[in-house]
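1. Predicted model and sequence below, questions to follow.
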Amino acid sequence: MPTFTALTTLAGKASAEALGEAMERLYPEPTGVGVFEIEDDSGLWEVGGYFTERPDETGLALLAAGFDAKPFTISELPETDWVAKVKRELAPVRAGRFLLYGSHDADQVAPEVVPLLIEAAMAFGTGHHGTTQGCLIAFDELLDAGARPASVLDLGCGTAVLAMAAARVLPAATIVASDIDPVAVEVAEANLAANGMAGTVTCLEATGLEHDRISRHAPYDLIFANILKGPLVTLAPEIAAAIGQSGHVILSGLLNDQANDVINAYETAGLSLFARRELGDWTTLTLTLP
């Protein structure tokens, strides 16, 4: 079955949400509509829809004009076996002592590594992205420096790769993984079970640090937050308040040219820069509470 996408951008959240609602009344109807803020400080929002029939180009053109949006870009997506594609293209990734792999590569797991199994069907956040890989390397460097956090928070955990890495090497630690997306929480729990680690990490649906079970375990010795610049800056005071004395924060999801703004936000909140690493276009920051 063919799949079509229709994408546009426009200024303003209210206009973007209204355009998204209007798209849902098109015929043929989209199977899904998404409205997302573009995280580049441009103030633009992206509105997109998926269709199983070619969308009404005239109707989309009228909607774009009516909401002062750019003309829709319509594309037909090729039919793809995504799981097979991921298996072919996602080779095991080494990040310090950690190895992230799929079951199809189990024969490549050497005894000296800390293995983390992520199946192809749950490939988002496997460590192939420079942000996740950067966080794992930063964590590995902290461990090499002698850090042994007793309490860890993986904020915006996605598939919980970072929480699982902590649970593997810190079996006595209290580890909490949270995400705003309930599907991510389900995937996190499935990944833990697949690694034989069910029950070692508390997985929660939460917005930021707003959950009583997150507060209950504070202050944390280590907080991971691999999200985006905007939320990282907004959450800086809360994250700083939740970190214990001499604790560390590992932050990513940042383009290289966004890192200084995030450093400034966390230094204002009382933290100090401990380490900075660039992997391709992405930066990972480690900060500490002196």
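-> Great, that's in hand.
2. what ranges do the strands span in the chain?
-> Along the chain, counting by DSSP state E, strands occupy 3-11, 32-37, 44-51, 73-77, 93-95, 98-101, 114-117, 151-155, 174-179, 202-205, 220-226, 243-255, 272-279, 282-288.
3. Kindly present these as CSV, with separate columns for mean neighbour count.
-> Every C-beta, even on glycine, is put in place using the N, C-alpha and C of the backbone. Supplementary listing: these in CSV, determined by neighbours: other C-beta atoms under 10 Å:
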stretch, mean neighbour count
strand 3-11, 18
strand 32-37, 14
strand 44-51, 20
strand 73-77, 12
strand 93-95, 19
strand 98-101, 24
strand 114-117, 20
strand 151-155, 27
strand 174-179, 25
strand 202-205, 17
strand 220-226, 26
strand 243-255, 22
strand 272-279, 15
strand 282-288, 23
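4. Turn those into JSON lines, columns for mean pLDDT and distance to Ala22.
-> Formatted as JSON lines, these follow (pLDDT from 0 to 100; distance: least, C-beta to C-beta, whole Å):
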{"stretch": "strand 3-11", "mean pLDDT": "92", "distance to Ala22": "12"}
{"stretch": "strand 32-37", "mean pLDDT": "88", "distance to Ala22": "9"}
{"stretch": "strand 44-51", "mean pLDDT": "92", "distance to Ala22": "9"}
{"stretch": "strand 73-77", "mean pLDDT": "87", "distance to Ala22": "16"}
{"stretch": "strand 93-95", "mean pLDDT": "81", "distance to Ala22": "42"}
{"stretch": "strand 98-101", "mean pLDDT": "84", "distance to Ala22": "42"}
{"stretch": "strand 114-117", "mean pLDDT": "84", "distance to Ala22": "43"}
{"stretch": "strand 151-155", "mean pLDDT": "97", "distance to Ala22": "35"}
{"stretch": "strand 174-179", "mean pLDDT": "96", "distance to Ala22": "30"}
{"stretch": "strand 202-205", "mean pLDDT": "94", "distance to Ala22": "30"}
{"stretch": "strand 220-226", "mean pLDDT": "97", "distance to Ala22": "34"}
{"stretch": "strand 243-255", "mean pLDDT": "94", "distance to Ala22": "31"}
{"stretch": "strand 272-279", "mean pLDDT": "95", "distance to Ala22": "40"}
{"stretch": "strand 282-288", "mean pLDDT": "96", "distance to Ala22": "35"}
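5. May I see these organised as a markdown table, with distance to Val161 added?
-> A markdown table is the format used below for these (distance: least, C-beta to C-beta, whole Å):
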| stretch | distance to Val161 |
| --- | --- |
| strand 3-11 | 28 |
| strand 32-37 | 23 |
| strand 44-51 | 26 |
| strand 73-77 | 27 |
| strand 93-95 | 10 |
| strand 98-101 | 7 |
| strand 114-117 | 6 |
| strand 151-155 | 9 |
| strand 174-179 | 10 |
| strand 202-205 | 13 |
| strand 220-226 | 9 |
| strand 243-255 | 12 |
| strand 272-279 | 15 |
| strand 282-288 | 14 |
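6. pLDDT weak spots in the stretch 51-200 of the chain?
-> When residues are selected by pLDDT under 70, those of the stretch 51-200 of the chain lie in 78-91, 103-106, 119-129.
7. Can you show me the CA trace of stretch 155-170 as CSV?
-> Extracted in CSV, the C-alpha atoms of stretch 155-170 (Å, rounded to 0.1, in the frame of the first residue of the first chain):
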residue,chain,number,x,y,z
LEU,A,155,14.9,12.2,31.9
GLY,A,156,13.2,11.9,28.5
CYS,A,157,14.4,8.3,28.3
GLY,A,158,13.0,7.2,24.9
THR,A,159,14.0,3.5,24.7
ALA,A,160,15.8,3.8,28.1
VAL,A,161,19.2,3.0,26.6
LEU,A,162,20.9,5.3,29.1
ALA,A,163,19.0,3.9,32.1
MET,A,164,19.8,0.4,31.0
ALA,A,165,23.5,1.3,30.7
ALA,A,166,23.4,2.6,34.3
ALA,A,167,21.6,-0.5,35.6
ARG,A,168,24.1,-2.8,34.0
VAL,A,169,27.1,-1.3,35.7
LEU,A,170,25.4,0.0,38.9
